[in-house]
Each structure stands twice: as structure tokens, then as C-alpha cells.
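Peer 1: heads up, no residue letters with this:
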């Protein structure tokens, strides 16, 4: 992958051109969770979980910040302009509307998605999500959101239960917690979707190896050693 870069008010075309020159995919994160663009109040799930009780910082409702629609259009323009594989972090931040995710993938063959920090939302709509994964199985990556220190019991087992079982009404893996321990991405339970093994293999590692072919030999060596 191209290295992580925080970009604000800078021309970005040279970055994507450099990725193309060296045949490197780019993982992009271009917006925020949808609740940040909604009014602060009890009906906003992020407020309900403990955000913005003392300060409105990080809420963009009527602040002049670009709206989700403006940001999504800019992303579409980028996909259309550059012949480069883009991985869109967090289901392209469109996890709240799977029709939008499908439209993005259908419109741009160079678009992919990864599922970190979306398990709490995907697990709320198991029937829709179970149909979505096989259809777009070549475009989905498993992500962790970058914290290798998270406990297996609290964090990873919930991922596996979502993807590999039909378990019902279990705790989702909280990305962040408030001071009183509430998950900041929603206080609710989720349901498993039990994907077929071939779809799981692609999400777990096969799709990533297509993005990063240099990682294939050491990965296959390690996989063979475990058999």
C-alpha cells in the first residue's frame, strides 16, 4: 500500500500518479461517520453513546464543513480520473446505506472496500449483508483499524462470530469506549451472517494478496507450515 498521508488543502493527483507508477494500491479514508453530520441530540446515536455531552467538537452539522454528498462526489471524481486501485476504508463510510456502497462498486471497477469499524453496523442488518458479501466477494478486505493490541476475546472473536456463525444478539467489537465504558459506535447487539468458506478466504486474505502480490510467497509458506 502507499504510505499513510494526512492530506488537507494539498494537491493529491501526484500521490495517486506515484502509486500508479509503482503499481501500488491506495487505501483512502475520506470522510467521517454519518452521525457527525447530524444534529446533536438524543436521536443521534453518537450522542446517545456519550459523545458531545460537554463539547460540540467533532460535530459538523451546519458548521460549513463539506457535506457527505460533496465528499462522496469528490471521491467519485477521484475514482473516475485515476486508473488506480483504491481501497475505501470502513465500507467507504457508507455502511449506513448499502445501496450507496453497491453503486460505488458497480460504477468504479477500481474501487474496493474494507470493513474495519463497521462490524457494529453490518451486524444490524444480517440478511442484507449476507447477500452483499458474496456478490462483491472480490472487492472486500478485512481490516482492524490499526490497533494490534486489542484483546482477542473482546475484539476479534466478535468479528469471527459475525462472519462465520449465525449467532444472535451478541456484543459487537467496540472501536472506542466512553469514560463510563459505553461503546461509542452504538449500544446495541449484532447478528452473524455465516459466510461460505470461499467468501471468507477472500475477505480474510486472498483479496489482500491480490493488492499486495509481494506478500504471497511468505504468506503461503506460513500457511503451509500450519497445515
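Peer 2: Received, thanks. Values in this document were obtained by computation on a predicted structure and should not be read as measured data.

Peer 1: elements contacting the lengthiest helix in the chain?
Peer 2: The longest helix of the chain (DSSP state H) is helix 68-81. The helices and strands touching helix 68-81, judged by 3 or more C-beta pairs under 8 Å, 6 or more residues apart in numbering; DSSP states H and E, are strand 86-88, helix 98-107. Where C-beta positions appear, they are placed from N, C-alpha and C, glycine not excepted.

Peer 1: hmm, 10 Å instead?
Peer 2: With contacts taken as 3 or more C-beta pairs under 10 Å, 6 or more residues apart in numbering; DSSP states H and E, helix 68-81 sits against helix 13-21, strand 26-28, strand 86-88, helix 98-107, strand 111-114.

Peer 1: reformat these into CSV and put mean neighbour count and mean pLDDT next to each item.
Peer 2: Putting the helices and strands packed on helix 68-81 into CSV (neighbours: other C-beta atoms under 10 Å; pLDDT from 0 to 100) gives the following:
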stretch, mean neighbour count, mean pLDDT
helix 13-21, 13, 86
strand 26-28, 20, 90
strand 86-88, 24, 93
helix 98-107, 16, 97
strand 111-114, 23, 96
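
Peer 1: quick one on the thing from earlier: angle of the longest helix of the chain against helix 98-107?
Peer 2: Angle of helix 68-81 versus helix 98-107, following axes from the mean of the first three to the mean of the last three C-alpha atoms, to 10 degrees, is 20 degrees.

Peer 1: state the mean pLDDT of helix 68-81.
Peer 2: For helix 68-81, mean pLDDT is 93.

Peer 1: residues making contact with that helix?
Peer 2: Residues from elsewhere that reach helix 68-81, judged by C-beta atoms under 10 Å, 6 or more residues apart in numbering: 12-13, 16, 26, 28, 30-32, 34, 36-37, 60, 65-67, 84-86, 88, 92-94, 96, 100, 103-104, 107-111.

Peer 1: number of nearby residues for the closest residue to residue 40 other than its chain neighbours?
Peer 2: Among residues not flanking residue 40 along the chain, residue 52 sits closest, at 4.9 Å (C-beta to C-beta, 6 or more residues apart in numbering). Using other C-beta atoms under 10 Å, residue 52 has 17 neighbouring residues.

Peer 1: repeat for residue 119
Peer 2: Counted by other C-beta under 10 Å, the residues lying close to residue 119 total 22.

Peer 1: so who does it touch?
Peer 2: Here residue 119 is in contact with 95, 155, 158-159, 161-163, 172-175, 185, 190 (criterion: C-beta under 10 Å, 6+ apart).

Peer 1: the same query, at a cut-off of 7 Å, please.
Peer 2: 158, 159, 162, 172, 173, 190 (C-beta atoms under 7 Å, 6 or more residues apart in numbering).

Peer 1: and the furthest pair within those?
Peer 2: Largest separation among the contacts of residue 119 by C-beta to C-beta: 159 and 190, giving 10.5 Å.

Peer 1: higher neighbour count, the two?
Peer 2: Counting neighbours by other C-beta under 10 Å for residue 159 and for residue 190 shows that residue 190 has the greater number, 25 against 20.

Peer 1: next, give phi and psi for the closest residue to the more buried one other than its chain neighbours.
Peer 2: Distances taken as C-beta to C-beta, 6+ apart place residue 123 nearest to residue 190, at 2.5 Å, with adjacent residues excluded. For residue 123, the backbone dihedrals are phi -70, psi -10 (criterion: degrees, to the nearest 10).

Peer 1: give the contact list for residue 123.
Peer 2: 162, 172, 190, 191.

Peer 1: from residue 114, how far out is residue 190?
Peer 2: Separation of residue 190 from residue 114 (C-beta to C-beta, to the nearest Å): 18 Å.
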